[in-house]
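Visitor: turn this into a model:
(one chain, ligands or ions: 2)
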Amino acid sequence: MERTTWGKGKRRAGSLDDLRRVLHRIDGKGYKAYKDLEGGYDFGRFSLHVDHVQGDPFAAPSMLRVRVPMNLAGFPEGLFGNSIRRMALEDFIARRFGAALPSGPDRGPGSGKSGLVSIDAGGQEVLERTACRVTPHWVEVRIYVGLPAAGRRILGRQAERILCEQLPRTAEKGLFWRNYPRRETEGFVGCVENQEFIRDSLQRLGLVAFVADGSILPRERGNSQQPLAGERAVAFRSPEGLRVSLDLPNPVSTERPETRITGMGIPAGVTLVVGGGYHGKSTLLQALQRGVYPHIPGDGREYTVTCTDAVKIRAEDGRRVEKVDISPFITNLPHGLDTTAFSTDNASGSTSQAANIVEALESGARLLLLDEDTSATNFMVRDVRMQSLVHKDFEPITPFIERVREIHRTLGVSTILVMGGCGDYFEVADRVIMMREYVPEDVTDRAREVARLHATGRRQEAAPGPAWRLDRIPIPESFDPSRGRRSVKIDAKEIDLVLYGRHPIDLRGVEQIVDFSQTRAVGAAVHLAASRFMDGRTPLREVLDRVEAYLDEHGLDHLDPFHRGERHPGSFARPRRHEIAAAANRLRPVRFRIGPGS
Ligand code: ADP
Ligand code: MG
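Guide: Ligands and ions are numbered 1, 2, ... in the order given. Reported below is the predicted structural model:
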């Protein structure tokens with residue numbers, strides 16, 4: 001058997017028989033002997049790469065890759081001919097491979113994670129992820145295997161069964177085109193490409209979002225992203241006046257060979273969603289929030305498409321804010337606190353929501369999504385009675401209602417706002433959509449009429465034309481990823497919690513992170529940004545441009561700062577720039593300075 005230098009130290013390069021021999025030799029030995037496996041093995045139809053062996057049976061499972069040369073895998077080039085189709089095919093392969101893995105009862109005996117084999121396949125969203133890669137030359141899955149042990153003693157025969165027998169069977173099903181359902185695969189890839197086509201078309205059509213007729217927006221439960229099934233789910237039907245149709249590059253679905261799709265187009269500008277409680281307003285907004293990502297066919301929201309730079313804005317009291325110019329919304333705070341470079345360790349509902357808007361504009365948002373359910377009331381409106389009772393001089397807040405139009409006029413940023421409880425917004429909305437028993441109606445004209453008949457007398461109190469200062473410069477030294485003896489230690493603990501060095505980043509208010517692997521990627525991307533692209537002179541906005549360009553060019557494999565060569569990169573899914581910025585903004589020790597442009 002040869003030994004090659006491959007990454008760190010000597011690693012094996014052998015055959016399937018070599019792998020069996022090693023496993024026989026280490027059978028019954030202490031767990032550490034599994035380290036002998038590290039290296040690559042030629043199985044004939046594919047190669048297996050053991051990149052990292054876990055330290056003990058209870059540790060995070062070992063990291064392996066299975067690679068098939070494309071001339072054997074045989075995926076037609078058309079399925080990965082552009083970057084969207086490739087991303088979709090990679091996603092689909094990860095799902096197929098995952099589905100072909102033996103499940104629970106098959107894992108065999110052993111302690112800890114013994115016999116667990118897994119892949120980081122996605123949920124309802126289709127995201128660029130590290131679990132699978134397709135190139136013109138090969139297709140590869142990155143998997144996890146709990147190498148089996150009884151106590152701490154190696155179960156070599158059991159490992160042989162998993163690696164040398166089960167895995168080839170899974171690979172056969174999951175990595176060779178001839179075992180794929182052709183129509184379903186083409187349907188999946190085509191559907192994802194259709195969604196990106198719609199997203200790309202929005203701007204040209206003067207729209208910020210599209211919801212196809214027939215979409216199923218509600219979910220089966222509050223803690224599930226599965227569609228609500230059965231007759232209770234009311235399919236989406238666009239109001240006459242907002243109906244648009246589009247010609248897609250691929251059939252709508254495997255059941256619908258036509259390429260024409262119709263639905264509600266939400267135009268740029270200020271759109272108000274009204275309606276009685278429990279009539280589906282928030283459900284629509286939540287679908288729009290997730291509509292920045294493509295969805296799998298059958299999700300129900302696969303043709304609910306929002307422009308890429310749509311950012312959900314909510315109140316998030318308690319969060320850290322660092323030198324954000326919230327003065328368009330908040331001035332004259334008690335104690336003369338400066339709101340042009342506002343910092344706090346404990347924001348209130350209204351100041352946090354103001355900061356969330358200014359930060360979203362800074363990271364390049366084109367559409368703001370707000371829901372009354374997650375907003376601070378005093379941030380949204382000050383009605384005429386309150387205007388009379390509490391003089392403007394004693395109210396620091398300029399509510400959103402006084403800025404929403406000029407955010408569109410001067411910055412070109414649209415808003416979709418769910419507001420069932422306050423009609424003052426009729427005056428500032430370009431469009432009013434009413435949800436009635438889950439069906440939208442265009443009530444713009446009626447709302448105008450109502451506004452005329454019942455004038456509120458609310459005065460515009462704020463001076464127009466505030467300066468929007470969106471050029472904070474992050475100070476790289478304030479991003480410290482070290483913990484203990486490790487110079488860089490960043491982990492995702494929960495989908496909404498990153499531990500960055502010694503500091504938690506609370507992402508509960510960042511609603512558009514939809515996948516745990518995105519959370520991991522967000523943590524790593526903040527470090528990538530800080531260590532490579534921040535120099536104390538470059539504004540955050542430009543740092544984000546560079547991170548995006550870097551990920552476009554090098555791929556997600558390079559998010560891990562310790563990544564070497566072609567080894568298993570860990571599980572990452574691509575986050576947007578807005579979520580990377582959101583994480584940096586919530587890292588409590590982070591410091592910014594105000595740019596020279598201000
Ligand atoms: P609102 O924000 O108007 O008060 P929600 O959007 O929270 O209402 O919806 C209330 C309930 O109705 C939720 O349980 C939601 O899942 C369900 N729902 C929403 N849209 C639909 C629909 N199209 N068909 C069936 N149920 C729906
Ligand atoms: Mg609601």
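
Visitor: which residue lies nearest the spatial centre of this structure?
Guide: Nearest to the mean C-alpha position of the chain, by Cα atoms, centre = their mean, lies residue 513 at 4.1 Å.

Visitor: SS state for it?
Guide: When classified by DSSP: H, G, I helix; E, B strand; the rest coil, residue 513 comes out as coil.

Visitor: I figured residue 580 hits residue 527, correct?
Guide: No - the criterion here is Cβ atoms under 8 Å, and residue 580 misses it with residue 527 at 10.4 Å. All C-beta atoms are positioned from the backbone trio N, CA, C, and that covers glycine.

Visitor: those two: which has the busier surroundings?
Guide: residue 580 (26 against 20; other Cβ atoms under 10 Å).

Visitor: just give me how far stretch 144-152 sits from the chain centre.
Guide: On the basis of Cα atoms, centre = their mean, to the nearest Å, stretch 144-152 sits 32 Å off its chain's mean C-alpha point.

Visitor: and if you look at stretch 108-123?
Guide: 25 Å.

Visitor: quick check: end-to-end length of that stretch?
Guide: Here the two ends of stretch 108-123 are set 27 Å apart, with distance taken as Cα to Cα, to the nearest Å.

Visitor: stretch 54-73 now?
Guide: 29 Å.

Visitor: go on, stretch 297-311?
Guide: 24 Å.

Visitor: over to stretch 113-124?
Guide: First-to-last residue span, stretch 113-124, Cα to Cα: 26 Å.

Visitor: burial of the closest residue to ligand 1 within the stretch 301-450 of the chain, as a residue count?
Guide: For the stretch 301-450 of the chain, the residue closest to ligand 1 is residue 438, as judged by Cβ to the nearest ligand atom, at 3.4 Å. Here the count is done by other Cβ under 10 Å, and residue 438 has 20 residues near it.

Visitor: what's the answer for residue 481, then?
Guide: 21.

Visitor: tell me the pLDDT at it?
Guide: The model reports residue 481 with a pLDDT of 98.

Visitor: gap between it and residue 489?
Guide: 7 Å (Cβ to Cβ, to the nearest Å).

Visitor: okay, the residue nearest to the centre of the chain: pLDDT?
Guide: 98.

Visitor: remind me which helix or strand the residue in the stretch 251-400 of the chain positioned nearest to ligand 2 belongs to.
Guide: Ligand 2 sits closest to residue 282 of the stretch 251-400 of the chain, with a gap of 3.2 Å, by Cβ to the ion. Using DSSP states H and E, residue 282 sits in helix 281-290.

Visitor: tell me the gap between that helix and the middle of its chain.
Guide: Distance, centroid of helix 281-290 to centroid of chain: 15 Å (Cα atoms, centre = their mean).

Visitor: following element in sequence after that helix, please.
Guide: strand 304-306.

Visitor: contacts for that following strand, please.
Guide: Residues outside strand 304-306 that contact it (Cβ atoms under 8 Å, 6 or more residues apart in numbering) are 195, 198-199, 202, 208-212, 215, 217, 236, 287-292, 295, 367.

Visitor: and those residues near ligand 1, which?
Guide: residue 217 (Cβ under 6 Å from any ligand atom).

Visitor: in terms of helices and strands, where is residue 386?
Guide: Element membership for residue 386 (DSSP H and E) is helix 384-389.

Visitor: which other helices and strands does that helix contact?
Guide: If you count contacts as 3 or more Cβ pairs under 8 Å, 6 or more residues apart in numbering; DSSP states H and E, helix 384-389 packs onto no helix or strand.

Visitor: ok, residues contacting it?
Guide: Taking Cβ under 8 Å, 6+ apart as the rule, helix 384-389 contacts 395, 456, 457, 458, 459, 461.

Visitor: pipe the residues you listed into TSV and attach neighbour count and distance to residue 496 per row.
Guide: Listed next are these as TSV, based on neighbours: other Cβ atoms under 10 Å; distance: Cβ to Cβ, whole Å:
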residue	neighbour count	distance to residue 496
395	18	33
456	16	38
457	10	42
458	18	37
459	12	40
461	13	36
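
Visitor: good, we can wrap up now.
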